[in-house]
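> okay, here's the prediction I keep looking at, along with the sequence it came from:
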Amino acid sequence: MRHSRRYRDEYTAKQIAATFGLVLACLLFLYPMALMAINSFKSDAEMYMNPAGLPRAWTLESYGKIFKYHGGLWWNYVNSVVIAASSTVLAVFLCALAAFAFAKYRFRGRNLIFSLLLATMMVPPEIVIPGLYVLFAKLQWINTLRAQILPTITPVLGLFLIRQYMLDIPDSLLEAARLDGAGHFTVFWRVMVPTSAPILGAFAILHFMSVWNAYTWPVLVATKADVQPIMVILPQLVDPVIGFLPVWGTIMAGCVLSTLPLLIVFVAFQDKFMSSVVIGAVKE
Amino acid sequence: MCDRVIPYLFILPFLISFVALFLGPALYALVLSFFRYAGYGKATWVGLNNYVVMLDYDVFWIEMRNVVFYWIAHAIPMVILAFGLAVLVNSRLVTRKNFFKPIIFIPQVVASVAAALLFQNFFGTKYGILNNLLGTQIPWLTDMDLARWAVVIVLVWRGTGYWFVICLAGLTTISTEIMEAAVVDGASAWQRLTRITIPLMRKTFLFIFVVDAIVTLRLFAEPNVLAGKPGTLAPVEMAPVINLVVENVRNAQFGLAAATGWLLFIAIAVVSWLQFRIFRVRGEER
């Protein structure tokens, strides 16, 4: 009896220690995010006097400024949404179309083309930057939204993931639709797309996030404020009068706004979100 | 007859876009890397000169060294942290798994640029949060030796959750039978961790290190936002290699930019090849 009680005490102690460790880690992970949220409710001026504490005067001034800054930062926000959303729609559609053919048709060159595409996944996307820049400059596409959307619409990873999923969809399902007189595209649109919805959704989240967060290429091709996405303009925000001083309250409000769409999706679909973000890592 | 064309019609939109927007420009960059080209006028053939110039350029090696530093300095603590947290969350000791999991993951939802700005504010010298709390004026971001560690902290903070989820997935594949057998044999929790779990997870660790190496070679946002003044890139002592691609494009030195890109590709190919070799050797061991 005594033995089991001591065992239980020891177990409880361990339990407390483990939970304590986790809570500590969680606080460390949450602290910067809490700072971001709290500081977005301070004015730019207060951020210089009181960067660490709670706001002395809670204010929405910084959020107000975000919408006025540089003639309206909300416009850059719209740019980000337009770029990420249209890229995601195009990428998922193109990948799903091609994945359908690679998964459910037999045709000459199928395996060759597919393996060549897979091989290009090893090539870092940054390699195309000089070539693409010269090309887009010739087309006069520098400082346009399409220059930021188009290079992201053919993610081979998406093609691969969607094809893997479609391979497991039974052929009988397609046959049944064909017997009902459905054409090739109807089979794709009415049968394949709905049945692969889970992977399409998961990949859409992953892709949206990567385009939303993109920085390297947008920094190069979006040098004018009116076509810049929020990520490019946020680090450039300085005091309009003095010039070089960053306006921290406004920047934090911008960071909160840039995080909010992904955060909402994350809170709504936690498990799905986590598995779709790591889905890219288990490609082998 | 007509049916044989159908699959090609399905793959064509993707293929055309892929060739026009990725493969074509990538090969064009390969061609460019052998020329001196300013974006207009005539391109001059210079052979391997762009590569030689780059490999001879001390900045290239400084930035390579920076990237390798970022990789090693952040990957090791990050893997330990991610794995340790995964073990804790996975253990029987912790009851509220679904409470902790999303919180550890959540920094991943913050964009790299936003994360870097957050920490730029945190580590600021004069008006920074940390100096304000400590009552000091430590130049966290202007002393390059300190600033490199600030980059590491951003990478660990934002990246841990991602690998945590992957470690957790790896842990759940370890069969409970092995663990129960070990318990029956009287192995302590520590012994089970070091003798069973860690050896079984070795492949996952290696995978994380390699994938993370490739991601770090392509690093751009974190150091530049953290240490750059508004609208400029980070100083050379802490800049990543991609900066050379970006700067050369900005200066219309497209040949040099392209050569840098392909050198980066070679570096990544070497890392991937090593990964392949190590995995194969380990596969044969079994």
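Good, I have the coordinates.

> for the closest residue to A:T154 other than its chain neighbours, pull up the helix or strand it's in.
Nearest residue to A:T154, sequence neighbours excluded (Cβ to Cβ, 6 or more residues apart in numbering or on different chains): B:F18, at 4.2 Å. All C-beta spots, glycine's among them, are computed from the backbone N, C-alpha and C. In the assignment (DSSP states H and E), B:F18 maps to helix B:6-18.

> which residues are in contact with that helix?
A:94-95, A:97-98, A:100-102, A:105-107, A:110, A:113, A:117, A:150, A:153-154, A:156, A:159, A:184, A:188 (Cβ atoms under 8 Å, 6 or more residues apart in numbering or on different chains).

> wait, A:Y48 sits on A:W248?
Yes - between A:Y48 and A:W248 a contact is recorded at 7.5 Å, counting by Cβ atoms under 8 Å.

> which of the contacts of helix B:6-18 count as buried?
Among the contacts of helix B:6-18, those buried by neighbour count (16 or more other Cβ atoms under 10 Å in any protein chain shown) are A:94-95, A:97-98, A:100-102, A:105, A:107, A:110, A:113, A:117, A:150, A:153-154, A:156, A:159, A:184, A:188.

> now, those that are in helices?
The members of the buried ones among the contacts of helix B:6-18 that map onto helices under DSSP state H are A:94-95, A:97-98, A:100-102, A:110, A:113, A:117, A:156, A:159, A:184.

> from the residues you listed, which two are the most distant?
A:V156 and A:H184 (23.3 Å; Cβ to Cβ).

> which stretches of the stretch 1-150 of chain B form strands?
B:35-36, B:44-45 (DSSP state E, counting those that start in this stretch).

> quick one: contacts for A:L30?
Contacts of A:L30 by Cβ under 8 Å, 6+ apart are B:103, B:106.

> also A:F100?
Going by Cβ under 8 Å, 6+ apart, A:F100 touches A:166, A:188, A:192, B:10.

> where exactly do the helices run in chain B?
Secondary structure of chain B by DSSP H: the helices cover B:6-18, B:24-32, B:49-56, B:58-90, B:97-105, B:112-122, B:129-134, B:144-172, B:176-184, B:189-192, B:198-217, B:221-227, B:242-250, B:254-285.

> hey, what's in contact with both of A:Y48 and A:W248?
Common neighbours of A:Y48 and A:W248 (Cβ under 8 Å, 6+ apart) are B:Y127.

> so these two - more neighbours on which side?
Applying other Cβ atoms under 10 Å in any protein chain shown to A:Y48 and A:W248 shows that A:W248 carries more neighbours, namely 27 against 17.

> ok, now how distant is the spatially most central residue of chain B from B:A75?
Per Cα atoms, centre = their mean, the C-alpha nearest to the average position across chain B is that of B:V215, at 2.5 Å. According to Cβ to Cβ, to the nearest Å, B:V215 and B:A75 sit 10 Å apart.

> stretch B:211-218 vs chain A: in contact?
Yes - Stretch B:211-218 reaches chain A (Cβ under 8 Å from any Cβ of the partner chain) through B:211, B:214, B:217-218.

> for ChimeraX, what selects the buried ones among those?
Those of these that count as buried under 16+ other Cβ under 10 Å are selected in ChimeraX with:
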select /B:211,214,217,218
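
> what is the nearest of the residues of stretch B:211-218 next to chain A to chain A?
Proximity of the residues of stretch B:211-218 next to chain A to chain A (Cβ to the nearest Cβ) peaks at B:R218, which lies at 5.4 Å.

> skipping its backbone neighbours, what lies nearest that closest one in space?
The shortest distance from B:R218 to any non-neighbouring residue, by Cβ to Cβ, 6+ apart, is to A:P124 (5.4 Å).

> for the one you found, phi and psi?
Per-residue torsions, A:P124: phi -70, psi 130 (degrees, to the nearest 10).

> tell me the contacts of it?
Counting by Cβ under 8 Å, 6+ apart, A:P124 makes contact with B:214, B:217-218, B:261, B:264-265, B:268.

> returning to what we had before: I'd like the contacts of A:F100 as CSV, with pLDDT and distance to A:G21 appended.
As requested, the contacts of A:F100 are exported to CSV (pLDDT from 0 to 100; distance: Cβ to Cβ, whole Å):
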residue, pLDDT, distance to A:G21
A:M166, 95, 43
A:F188, 95, 50
A:M192, 95, 46
B:F10, 96, 52
